[in-house]
Structure formats: C-alpha cells, structure tokens
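[1] Would you be able to build a 3D model of this:
(one chain, ligands or ions: 2)
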Amino acid sequence: MAKDPVRILVTGAAGQIGYALVPLIARGTMLGPDQPVILHLLDIPPAAESLNGVKMELIDAAFPLLRGVVATTNVVGACKDVNIAIMVGGFPRKEGMERKDVMSKNVSIYKEQASALDQYAAENVKILVVANPANTNALILKEFAPSIPEKNISCLTRLDHNRALGQVAERAGVSVSDVKNVIIWGNHSSTQYPDVNHAVITTQEGEKPVRAIIADNAWLDGDFITTVQQRGAAIIKARKLSSALSAASSACDHIRDWVLGTPKGTWVSMGVYSDGSYGVPSGLIYSYPVTCAGGEWTIFQGLSIDEFSRAKLDATAAELVEEKAMAYLCL
Ligand SMILES: NC(=O)c1ccc[n+]([C@@H]2O[C@H](COP(=O)([O-])OP(=O)(O)OC[C@H]3O[C@@H](n4cnc5c(N)ncnc54)[C@H](O)[C@@H]3O)[C@@H](O)[C@H]2O)c1
Ligand SMILES: O=C(O)C[C@H](O)C(=O)O
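    Ligands and ions are numbered 1, 2, ... in the order given. Below you'll find the model as predicted:
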C-alpha cells in the first residue's frame, strides 16, 4: 500500500543550503524511494520572490515523490502539521568570524520558531537545527518549545562526521564507505573533537583500527583534528560562501539514519541533549556517538576515553556552557 506523505519543513529555503537540500528530499534521498513528501518552505519577506522561484523549479523538476509544496513567509503556516523540521534559516558567518559570532542574529529566530513548532507541528515532530551556532540554537529551540520532547531536537554535526570520514579515507587510500565509527564530540565549532580512537576500516582481512592502518599518530592527533575543526572556514575562504552541498547531503544522512536506523555495528554523530553521559554536563546540546532504531537515537555507551580525549571533551563542553550564557544575554 502506498505510504502517506510526510510533511517536511525547510526554513531558510531560499538560501544556498535550502537550494541544495530540497531536491535531495524531493528525490527520496532523505526518507527513501517509496516515501512521498510534502515540502513546507519558509523564508523571510525579502526572500519571498526567490522562494517562489524555488517552488517553481521544484514543480518543473516533476519529482514523482513530491506531493505538494507550501512556500510561505508565515511561520505558523510553515510549521502546521510538519513531521520533520530542518531549521536552516538564519545568517551564515563570513570569512574571519567564528560561528558563535552570528549568535545575536540567530538565537532570537530560534526562540520565535520554537513557539510556532511547539504549537503547530505534528505530534512527535523531529527537528534538526543546521543554522549556526547550531548546538546553541537547538538548545534555545528546546527551551522555548516545552511540549516537544528533548529527544526530538537535534543539531547537525554529521557534516563534521562526514568530513572526518573523508579525511581518513583519503589518507588511508580507501573508499569512504569502508571507514566507520569516527566520532565528533561536542560543539559544531572549532573546539569540536574529531576522534578516531574507535574508528575502523574494512579490509579484505576484516575490520582494522584506523590508527593501525594509517600508522601516523602525529597526523591523527594533529593535522587531522585541525583540518576537520577548520574545514568550514576553509570552504568559506575558498568559495566566499559557506558549505552548502555537503551540508545539505549531511542533513539528509542525519534524518535518514534517525528515521530509518543506523546499520548494525555503526554509530554516527548527532548533536543531542546531554544526560551526563561521558562526564559531559547535562542540559547542553552536545555531539555524541549515537545509534538509531525505531526512530529514536541512543547515545552509544562504554567507549574508553583517554587523557588526551578527556581534555578535548571537556574543552568543547566548556565552550557550550559559555555559549548558553551568551545566548540568554542575546534574548
Ligand atoms: N551545522 C552545519 O554543519 C552547517 C553547515 C553549513 C552551514 N550552516 C549554517 O546554516 C545556515 C544557513 O546557511 P546558508 O549558506 O544556506 O545561508 P544563506 O544566507 O544562503 O541562507 C539562509 C536563508 O535563511 C533565511 N532566513 C533568515 N532569517 C530567517 C528566518 N527568521 N526565518 C526563515 N528564514 C530565514 C535567509 O533569508 C536566507 O534565504 C547558516 O547559519 C550557516 O552558518 C551550518
Ligand atoms: O563553517 C561555517 O560557518 C559553515 C558551516 O558551519 C560549516 O561547517 O561548513
């Protein structure tokens, strides 16, 4: 029997990530080739005409799974009955800025849109915050949407996770699909900790630790970490615009794994509400290794954390505590 369509909100849909993301959703990359979708596209009035152009192109592309497009500048209309919300709307940083430098512009958007989602979204809506500072925007959204369970609110660190997979695959000379179980801990910022201590590469002789295959701890504990931490800035420097196709693709990966489940023996990184796991203060949106099944994520427990990693997990948590305080000052 044909499935009922799922309503997916994309905010900031007239922007660069929006333009890369909506065709992926309409083509079935996010929820699979048999899942019809209705897209709700939100942007602000100055972008209304451009948003309408995106709607026209979606119709012109004749996507078989696309059952409707709502393009609006009205937050309530956009949030009505949505099952999934991908929050991209906001302002990107420019060259030379840190992601938290756009905090004062962006957190107030998340407070306002939290209320609309709280009141009008479908029960059990799943929310992914992409706009920066992503973890703190998601935390503000959580705090101002009291009826939405915290397990339904997340932020995007899958792009950092995918960047880490890409760096390891290039260095090891293997296919990226043979690398798994890297971890991004903490903030989607330059304090994030890309960790390969539990990551493995599939070889003809089975799975081997990344550290054994790459055999270069100086690189893994040095340039690898800074390359992933600084990749967003490197893209801005090169393109004069922040990452868009990789962000859109990673947002699809995030939702797909959350809704459809992670493969057996694999975890992915998601920014989720911390419960104190791995000695991280509770009450932050912190990126952890998670597995997903039945539409729910679970923090993967029991990994050993060495002294080097401990300091890095704590430093990125400390930045999130500071950002939380800064966000409340902005509101
Ligand atoms: N978490 C990540 O991995 C990641 C990756 C890339 C970019 N980002 C962030 O995503 C955000 C969007 O990036 P972009 O390159 O698409 O930017 P963009 O400027 O091209 O697009 C943003 C869109 O949001 C719209 N917008 C602004 N305020 C809004 C509001 N109140 N409601 C709805 N829409 C609103 C703008 O009009 C614009 O169309 C930025 O904050 C960027 O830093 C995050
Ligand atoms: O770095 C940025 O400002 C954009 C985005 O967060 C990224 O990681 O590419």
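[2] three-state assignment of residue 48?
    helix (DSSP: H, G, I helix; E, B strand; the rest coil).
[3] Give me the neighbour count for it.
    Counted with other Cβ atoms under 10 Å, residues neighbouring residue 48 total 14. Backbone N, C-alpha and C define where each C-beta goes, glycine included.
[4] what's the distance between it and ligand 1?
    Distance check for residue 48 against ligand 1: by Cβ to the nearest ligand atom, to the nearest Å, it reads 9 Å.
[5] Next up, the contacts around that residue.
    Residues in contact with residue 48 (Cβ atoms under 8 Å, 6 or more residues apart in numbering) are residue 73.
[6] how close does it sit to residue 182?
    Going from residue 48 to residue 182 by Cβ to Cβ, to the nearest Å gives 40 Å.
[7] Can you report how many residues lie near residue 17?
    Residues within reach of residue 17, counting by other Cβ under 10 Å, total 25.
[8] That one and residue 249 touch, don't they?
    No - under the criterion of Cβ atoms under 8 Å, residue 17 is not in contact with residue 249, lying 10.1 Å apart.
[9] Residue 89 should be in a helix, yeah?
    No - note on residue 89: no helix contains this position according to three-state DSSP, which reports coil.
[10] looking at it, it is touching residue 110, isn't it?
    No - the pair residue 89 and residue 110 does not pass the contact test of Cβ under 8 Å, sitting 9.1 Å apart.
[11] can you list residues touching both of these two?
    Counting by Cβ under 8 Å, 6+ apart, the residues touching both residue 89 and residue 110 are residue 131.
[12] distance of the residue of the stretch 51-200 of the chain found nearest ligand 1 from residue 190?
    Taking Cβ to the nearest ligand atom, ligand 1 has its nearest neighbour within the stretch 51-200 of the chain at residue 89, 2.7 Å off. Counting by Cβ to Cβ, the gap from residue 89 to residue 190 is 23 Å.
[13] swap in residue 47?
    Taking Cβ to Cβ as the measure, residue 47 and residue 190 are separated by 29 Å.
[14] How about the stretch 201-331 of the chain: which residue is closest to ligand 1?
    Of the stretch 201-331 of the chain, the residue with the smallest distance to ligand 1, taken as Cβ to the nearest ligand atom, is residue 247 at 3.6 Å.
[15] hang on, isn't that residue packed against residue 158?
    No - under the criterion of Cβ under 8 Å, residue 247 lies out of contact with residue 158, with a separation of 9.3 Å.
[16] Compare those two (neighbour count), which wins?
    For residue 247 versus residue 158, neighbours defined as other Cβ under 10 Å are more numerous around residue 158 (30 against 22).
[17] contacting residues for that one?
    The contact partners of residue 158, taken as Cβ under 8 Å, 6+ apart, are 250, 251, 253, 254, 268, 269, 270.
[18] Model confidence score at it, please.
    Per-residue confidence at residue 158 stands at 99 (pLDDT).
[19] hang on, residue 202 is in a helix, isn't it?
    No - according to three-state DSSP, the state of residue 202 is strand, so it is not within a helix.
[20] List the buried residues in the biggest helix by length in the chain.
    Criterion DSSP state H: the longest helix present in the chain is helix 307-330. Using 16 or more other Cβ atoms under 10 Å as the test for burial, helix 307-330 gives 309, 312, 313, 314, 316, 317, 319, 320, 323, 324, 327.
[21] Check stretch 254-262 too.
    Applying a neighbour-count criterion of 16+ other Cβ under 10 Å, one finds 254, 255, 256, 257, 258, 259, 261, 262 buried in stretch 254-262.
[22] quick one: secondary structure of the last one?
    It stands for residue 262. Three-state secondary structure (criterion: three-state DSSP) places residue 262 in coil.
[23] just checking, it touches residue 294?
    No - taking contact to mean Cβ under 8 Å, the distance of 11.4 Å between residue 262 and residue 294 leaves them out of contact.
[24] which ones are touching the residue of the chain found nearest ligand 1?
    Distances from the chain to ligand 1, computed as Cβ to the nearest ligand atom, single out residue 15 as the nearest residue at 1.9 Å. Applying Cβ under 8 Å, 6+ apart, we find residue 15 in contact with 43, 47, 88, 89.
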